[in-house]
Structure formats: structure tokens, C-alpha cells
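>>> model this:
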Amino acid sequence: QPKRKAAFGSVGRRIPYRILHLIDQDGESLGNMHRAEALRLMDERGLKLVLLRDNVEPPVYGLMTGQQIHEEQLKRAEKKKASPKPGMCTKELSFSSAIAKNDLETKSKQIALWIEKKHHVKVTIRQAK
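Now for the predicted structure:
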């Protein structure tokens, strides 16, 4: 099975890497160190260890407070929500406020059909002159 990307959060003491790059809670680099040294710093400062980037050598870990982890999780959730999903189609429909009743009914049926097919629908209403 392909390795699933873990959610952003504290890794605790489960660190698969021997050498890692550590960043403290203020964003300053503490350099490369052994995982035992990183765990010692985590315990001394009462912070949590979080994997920031694992696609670099050595992987980057950060020391964070619980509040910082929570804020980062919220930020990532907002970013994920804002990005369009692959395969998701947006349909746009525009009409004036002086639209005839039968045209409005036809367009509302079309909108309902698009929503049924799980498309995002954007409706723009222009003011009639």
C-alpha cells in the first residue's frame, strides 16, 4: 500500500530518522542533530516535536507549543479548503434581474442539474437598466 501522508501534528517520540534538522518555536534553526538530542530539547523546553518537511535531507523538524500546532492545523485546513479539488468543475451562470419567468425556471432547472452532478455553481445577477 502507498504511504499515506500523515496529518500535521506532534510526532511524539516516533522519529524514523537518526539525523534531523531542528527549528525552535521562534523559527530559528538549531542545526542538524541526532534524534536523541532533539528529544532531550523537547523534554527540557516542554514542547512538542513536529515533522515540517521530510522530502529533504536531513528531514526538518520543529519544536512547537500546542497552540502553534493548532494554529498551523487551522491554516492548512483553510488552504486545503480554498484549493479546488481535482476533477471538480465550476459552472457559471449569468442573467439580468429583468429575466422572464420561463427563462428563470429553465436556468434554475439547469442549476439543480449541475448541483446534482456535484459541480460548483456560480450565479451572477446583473441589474437591469
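>>> pull the number of nearby residues for residue 64.
22 (other CB atoms under 10 Å). (Each C-beta comes from the backbone N, C-alpha and C, glycine too.)
>>> flag the shaky bits of this protein, pLDDT-wise.
Counting by pLDDT under 70, the ranges of the chain that qualify are 1-10, 83-88.
>>> touching, residue 24 and residue 63? I think so.
Yes: counting by CB atoms under 8 Å, residue 24 does reach residue 63; the two are 5.1 Å apart.
>>> compare neighbour counts for these two and give me the winner.
Higher neighbour count among residue 24 and residue 63: residue 63, with 20 against 14, using other CB under 10 Å.
>>> that's a strand at the more buried one, yeah?
Yes: assessed by DSSP: H, G, I helix; E, B strand; the rest coil, residue 63 belongs to a strand.
>>> who touches the residue nearest to it when sequence neighbours are not counted in this structure?
Among residues not flanking residue 63 along the chain, residue 47 sits closest, at 4.3 Å (CB to CB, 6 or more residues apart in numbering). Counting by CB atoms under 8 Å, 6 or more residues apart in numbering, residue 47 makes contact with 25, 41, 63, 64, 65.
>>> distance check, residue 47 against residue 25.
According to CB to CB, to the nearest Å, residue 47 and residue 25 sit 6 Å apart.
>>> can you give me the strands for this structure?
Counting by DSSP state E, the chain has strands at residues 19-23, 29-34, 48-53, 60-64, 90-96, 120-126.
>>> single out the most deeply packed of the ones you listed.
Using mean count of other CB atoms under 10 Å, the stretch among the strands of the chain with the largest mean neighbour count is strand 60-64, at a mean of 21.
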